[in-house]
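Trainee: Below are the sequence and a predicted model; questions follow.
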Amino acid sequence: MRHPRNLLWKTFVRQYYRQNAGFFLFFFLIFFGIVGPSQQLAYHYTLIRGILEAPSLLALVLFLWLLYAAKCSRWIMGLLHSKDHAFLYILPLLGKTKTFRLLLMIQAALYLPVILYAIAVLIIAFHSWAWTAATILVAFIAVICLGSSALYQYDLFHPGKLTRLLFIRPDGKRSVRKKYTPYWSFLLRGFLTEHTALLAGIKIFGCGMLYLLLRTQTPDDYDIRMPFLLFGMSLFGHGALIYQLRRMEDQQLLFYRSLPVSLSSRMLQYVILYLLVLLPEMITLGWLTPDHIRFRDVAGFVLAGYSTLLLLNGCLLIAALERGELLKLTGILFGILYFGVLSDNLILLSGLFLVVAGSLFFRAYSRREG
Amino acid sequence: MLEFQQVQKSYGLRVILSIPDSRLPPGTWWLQGPNGSGKTTLLRMIAGLLPFKGDIRLDGHSLHRAPVSYRRSVSWADAEPQYPAFLTGEDLLSFYCAVRKTPISQAQQLLSVFSMQSYIATRIGAWSDGMIKKLSLVLAFIGRPSLIVLDEPLVTLDLTSVSLLYGMICDRRAHGCSFLLTSHQEVDQNHLPVDLKLLIRDQTLETSEPV
């Protein structure tokens, strides 16, 4: 049993955490970076009491955990179906019980961040006699872990059957529809389908924090430093998204480079994509304007976010940065922008970022190794 | 006509390919060479995927000076094509037709050759390697390119599909389209006449008449 366990641990768990380092760093910053160390316990205690006492907040948390479960399942099913991991189909030789136990272990290891937080919630639930919420949480985690493991087991023991049930729609001979799908829509669909949890997390956090912090602003104590600091944190999450986008383009959308498309049209795809990616933040800011945030600051926030995304995109075209390097670069860019906030030059610096992003793109795109 | 102008490709200090001024007349060219000799690199350079020193011209269009016109004349299919699992074959076909300004009816004809209509609207993530390979070939034939570059086109295809592909190549060849292909498998020259064999040796390109 030890050898299969080690193999599966290396294949699924270690790779998962390595590849999603950016994702976890982003959520770590959200949960432990927005309040000082001395206030951590009080902050999380209040948050957990809210989860236990407000059914709507509990429902929201369960929804987010469900999204994370979907991310884990997608990862495991993706590996089970990949060519590189075809050897995993010998697992059924271990028998149903042992295979299920191994798959449950993998699922639990991938779901560990949620399980750990759920344990903290349960401890407080037991102390405050919140039995209903505690039961719902335990049932939820059990259903996710056992249900997902059963799904993987079914897929291993009935190869291809699940895929056919989920994806193939036999609809006979039909003509190709004429509807044109632009290239940016491929990229956007990549975000929406392959990185749903990360995208949802970034948007819920970014928009939620902007809304909560800006709503309390009044003309008398107007200060955008803290909202911008949290807005900047969501830029780290966007950096992780752009990194995944570059990987997808290099591996699965390579054909696009060989097509007769001008450089300006290629640039336009990213201009549209990042405009759409930032749309939720723009709507949130627009909603709060002008009562809680000034027009000039809205322009600064939007331009800063937008130019940073385009600049990160351009930098990844110039050099094949690793995740850690990209995070450092995002940190530096954010530092420059924060200086812009302090010195009241945010729009100017963002404009400069846009110019650099454009020139990087035009210089680097055709020189990039495909 | 495909022209190379002092083409040089290096990775770091290591020169992979160095091709002096040379021209290839229209025809079907079979590029050969051992593993790692730079065949795929050359094909990707011709397809406009890799940067390099010098220039490549096709029918007078320079890859570096007129990249859009050049790319309109060349089409490419990878040896092991990969596409995002969430896309459908239909998404890619309509995209290619729009970019290459080709009526969708041409794509439908190509699909019917390989009998792909039944699954073209499904997600590529559920397709087999052979189905994906056929899609990549169909995409390479969309439009009216004057050169189609095929990297290992016979790999993963079943025998029926191989003979269908030979037919498609001959048909396009009759309309003046040139082909550059690599294959470690023997090309049946009774069904697919090769005009010129190309060999990569000592980082350069040599030509020889087929036997």
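Mentor: Arrived safely, thanks for sending. Residues are numbered from 1 along each chain as shown, chains lettered A, B, ... in the order given.
Trainee: okay, which residue is most central for the chain?
Mentor: Since you didn't name a chain, this refers to chain A. Nearest to the mean C-alpha position of chain A, counting by C-alpha atoms, centre = their mean, stands A:Leu198 at 1.2 Å.
Trainee: my bad, chain B
Mentor: B:Val149 (1.9 Å).
Trainee: got the phi/psi numbers for it?
Mentor: Main-chain torsions, B:Val149, degrees, to the nearest 10: phi -100, psi 120.
Trainee: Isn't it up against B:Leu43?
Mentor: Yes. Taking C-beta atoms under 8 Å as the definition, B:Val149 is a contact partner of B:Leu43 at 5.1 Å. From N, CA and C alone the C-beta is placed, and that goes for glycine too.
Trainee: Roughly how far does B:Gly12 sit from A:Ala59?
Mentor: 55 Å (C-beta to C-beta, to the nearest Å).
Trainee: you'd agree B:Phe52 is up against B:Lys9?
Mentor: Yes. If you go by C-beta under 8 Å, B:Phe52 and B:Lys9 touch, sitting 4.4 Å apart.
Trainee: out of B:Gly12 and A:Ala59, which sits in the busier spot?
Mentor: Shown here are B:Gly12 and A:Ala59; by other C-beta atoms under 10 Å in any protein chain shown, A:Ala59 has more neighbours (12 against 5).
Trainee: which ones are touching the closest residue to A:Ala125 other than its chain neighbours?
Mentor: Closest residue in space to A:Ala125, ignoring its immediate chain neighbours: A:Ala134 at 3.9 Å, by C-beta to C-beta, 6 or more residues apart in numbering or on different chains. A:Ala134 makes contact with A:122, A:125-126 under the criterion C-beta atoms under 8 Å, 6 or more residues apart in numbering or on different chains.
Trainee: which of those are buried?
Mentor: By neighbour count, with 16 or more other C-beta atoms under 10 Å in any protein chain shown, those hold A:122, A:125 as buried.
Trainee: What is the nearest of the contacts of A:Ala134 to A:Pro219?
Mentor: Nearest to A:Pro219 among the contacts of A:Ala134: A:Ala125, at 41.9 Å, using C-beta to C-beta.
Trainee: Is there any residue in the helix or strand containing A:Ala299 that contacts chain B?
Mentor: Per DSSP states H and E: A:Ala299 is located in helix A:295-318. No. Helix A:295-318 lies out of reach of chain B by C-beta under 8 Å from any C-beta of the partner chain, never closer than 11.9 Å.
Trainee: what comes up buried for the helix or strand just after that helix?
Mentor: The helix or strand immediately downstream of helix A:295-318 is helix A:323-342, counting by DSSP H and E. The neighbour-count check on helix A:323-342 (16+ other C-beta under 10 Å) flags A:323, A:326-327, A:329-330, A:333-334, A:336-338, A:340-341 as buried.
Trainee: now those as a markdown table including pLDDT and distance to chain B?
Mentor: Shown next, in a markdown table, are the buried residues of helix A:323-342 (pLDDT from 0 to 100; distance: C-beta to the nearest C-beta, whole Å):
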| residue | pLDDT | distance to chain B |
| --- | --- | --- |
| A:Arg323 | 79 | 21 |
| A:Leu326 | 85 | 21 |
| A:Leu327 | 83 | 25 |
| A:Leu329 | 90 | 23 |
| A:Thr330 | 88 | 25 |
| A:Leu333 | 92 | 26 |
| A:Phe334 | 90 | 30 |
| A:Ile336 | 93 | 30 |
| A:Leu337 | 92 | 32 |
| A:Tyr338 | 90 | 36 |
| A:Gly340 | 91 | 35 |
| A:Val341 | 90 | 37 |
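Trainee: Closest one to A:His158 out of those residues, please.
Mentor: The closest of those to A:His158 turns out to be A:Arg323 (C-beta to C-beta; 36.0 Å).
Trainee: what's the closest one in contact with, if anything?
Mentor: With contact taken as C-beta under 8 Å, 6+ apart, A:Arg323 is in contact with A:21-22, A:240, A:243.
Trainee: With respect to pLDDT, which of the residues you listed ranks lowest?
Mentor: In this model, the minimum pLDDT among the contacts of A:Arg323 belongs to A:Gly22 (74).
Trainee: Can you name the residues bridging to the residue nearest to the centre of chain B?
Mentor: Beta-bridge partners recorded for B:Val149 (DSSP bridges): B:Trp76, B:Leu180.
Trainee: For B:Ser128, see how far away it is.
Mentor: Going from B:Val149 to B:Ser128 by C-beta to C-beta gives 24 Å.
Trainee: A:Lys98 too?
Mentor: 30 Å.
Trainee: swap in A:Leu151?
Mentor: Distance from A:Leu151 to B:Ser128, by C-beta to C-beta: 22 Å.
Trainee: Just checking: what are the partner strands of the lengthiest strand in chain B?
Mentor: Taking DSSP state E as the criterion, chain B has its longest strand at strand B:2-11. According to DSSP bridges, strand B:2-11 forms sheet pairs with strand B:14-19 (antiparallel), strand B:22-24 (antiparallel), strand B:53-58 (antiparallel).
Trainee: Could you tell me which residues within the first one count as buried?
Mentor: Counting neighbours by 16+ other C-beta under 10 Å, one finds that the buried residues in strand B:14-19 are B:16-19.
Trainee: Now do it: distance to the chain's middle.
Mentor: Its chain's C-alpha centre and that of strand B:14-19 lie 21 Å apart, by C-alpha atoms, centre = their mean, to the nearest Å.
Trainee: contact partners of it?
Mentor: Residues outside strand B:14-19 that contact it (C-beta under 8 Å, 6+ apart): B:4, B:6-10, B:38, B:41-42, B:45, B:52, B:54, B:200, B:203-205.
Trainee: 7 Å - rerun?
Mentor: Contacts to strand B:14-19, defined as C-beta atoms under 7 Å, 6 or more residues apart in numbering or on different chains, come from residues B:4, B:7-10, B:38, B:41-42, B:203-205.
Trainee: near chain A, which residues of chain B?
Mentor: Proximity of chain B to chain A is confined to B:44, B:47-51, B:67-68, B:71-72, B:76, B:82-84, B:86-87, B:90-91, B:93-95, B:98-100, B:104, B:107-108, B:111, B:117-118, B:120-123, B:125-126 under the rule C-beta under 7 Å from any C-beta of the partner chain.
Trainee: follow-up on the earlier one: mind putting the strands paired with strand B:2-11 in JSON lines, mean pLDDT included?
Mentor: Listed next are the strands paired with strand B:2-11 as JSON lines, based on pLDDT from 0 to 100:
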{"stretch": "strand B:14-19", "mean pLDDT": "92"}
{"stretch": "strand B:22-24", "mean pLDDT": "92"}
{"stretch": "strand B:53-58", "mean pLDDT": "94"}
